[in-house]
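Asker: Generate coordinates for the sequence data below:
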Amino acid sequence: MSGQQSLVAPAVLPPVFSASDRWQDHRRYQDHRRYRRRGVRGVTLIELLVAITLLSLLSVGLLMALRLGLNAYGKTQARLMDNRRVAGAQRILEEQLEGLMPVVAPCGASPAGGGARMAFFQGEPQVMRLVSTFSLQQAWRGQPQILEVFVIPGADGRGVRLVVNEIPYTGGLGAGQLCMGPNPGGVGFSFLPVTPGPKSFVLADKLAYCRFSYLTPPKEADHPPLWLPVWIAANWPLGVRVDMAPLDPDPSRLQPIAITAPIHIHRNPEIPYGDF
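Answerer: Got it, this is the predicted structure:
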């Protein structure tokens, strides 16, 4: 048997790795994992274009929504300001009429004297003069003003507008200088014409029409008071009505409406009053 070859294969021993070899294999394994992880997290050019497109569409949508919101806010503010302007003008006109002062002035008087005594009030369909304790600048706290409320043509000849002039009241003599004298026939008085100026205040604009009427007391007990387009009586009316309508009606906005202001005056201009 010794001369024959052995049929048993020699034993294969496992390789022996040093610590440095194991550390290098671990490094290669970690690098491989990081490489694969980077490959999974990457994006393609198509995905990038899709993301940019979606972001652009989202930005455009936000800008459009912001623009619509700002436009709606601006329209709402403009509508509120128009409504406040209309309501404020009507309130001012009512307070001016309710603050009427019973002034007795010498019509056409000069500084030397003269003139016919009259109840200072001019009432025509589109012109009205009176003395009021309410002013635009200082409301009820200021000095009395001679008010000239009248109607003029609107801008570009469309419709009419309601305008008021304020003249400081300095006494009956100053108010009487606005009167030119009795009308022919001795009924009523004629006044100087009114004109708009730089200080004229527009109470209402873009009106289809605007006219004044005046309430007269009943002549008999069984007859109701009447609204007259012209006031020629020797005293003051019981009330004043201002009829007006918008030129372009808009149900979504506050529209000018008729104003009726009572006048609470119980004074006879023929009787001289004084403090005793």
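
Asker: any idea of the pLDDT on Ala87?
Answerer: The model reports Ala87 with a pLDDT of 75.

Asker: Could you list which residues are in contact with it?
Answerer: Residues in contact with Ala87 (Cβ atoms under 8 Å, 6 or more residues apart in numbering) are Leu254. The C-beta positions use only the backbone N, C-alpha and C, and glycine is treated the same way.

Asker: Now it: phi and psi?
Answerer: The phi/psi pair for Ala87 (degrees, to the nearest 10) reads phi -60, psi -40.

Asker: ditto for Gln177
Answerer: According to degrees, to the nearest 10, the main-chain angles of Gln177 amount to phi -70, psi -10.

Asker: Equivalent analysis for the one 10 residues further on, please.
Answerer: The phi and psi values for Val187, taken as degrees, to the nearest 10, are phi -110, psi 110.

Asker: Then Leu226?
Answerer: Phi and psi for Leu226, reported as degrees, to the nearest 10, are phi -120, psi 150.

Asker: burial measure for it, as a count.
Answerer: Using other Cβ atoms under 10 Å as the criterion, Leu226 is surrounded by 12 other residues.

Asker: Touching, it and Thr216? I think so.
Answerer: Yes - the pair Leu226 and Thr216 passes the contact test of Cβ atoms under 8 Å, sitting 5.3 Å apart.

Asker: where's Cys107 relative to Arg79, distance?
Answerer: Using Cβ to Cβ, to the nearest Å, one gets 47 Å for the distance from Cys107 to Arg79.

Asker: Please identify which of those two sits among more neighbours.
Answerer: When Cys107 and Arg79 are compared for neighbours, Cys107 comes out ahead with 21 against 14, by other Cβ under 10 Å.

Asker: Show the contacting residues for the more buried one.
Answerer: Contacts for Cys107 (Cβ under 8 Å, 6+ apart) come out as 115-118, 176, 179-182, 189.

Asker: Inside helices: which ones of these?
Answerer: Residues of the contacts of Cys107 located in helices (DSSP state H): Gly176.

Asker: Buried subset of the contacts of Cys107 as a PyMOL selection?
Answerer: Isolation of the buried members of the contacts of Cys107 (16 or more other Cβ atoms under 10 Å) is achieved in PyMOL through the command below:
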select buried, resi 115+117+118+176+179+189
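
Asker: Kind regards, and thank you for your time.
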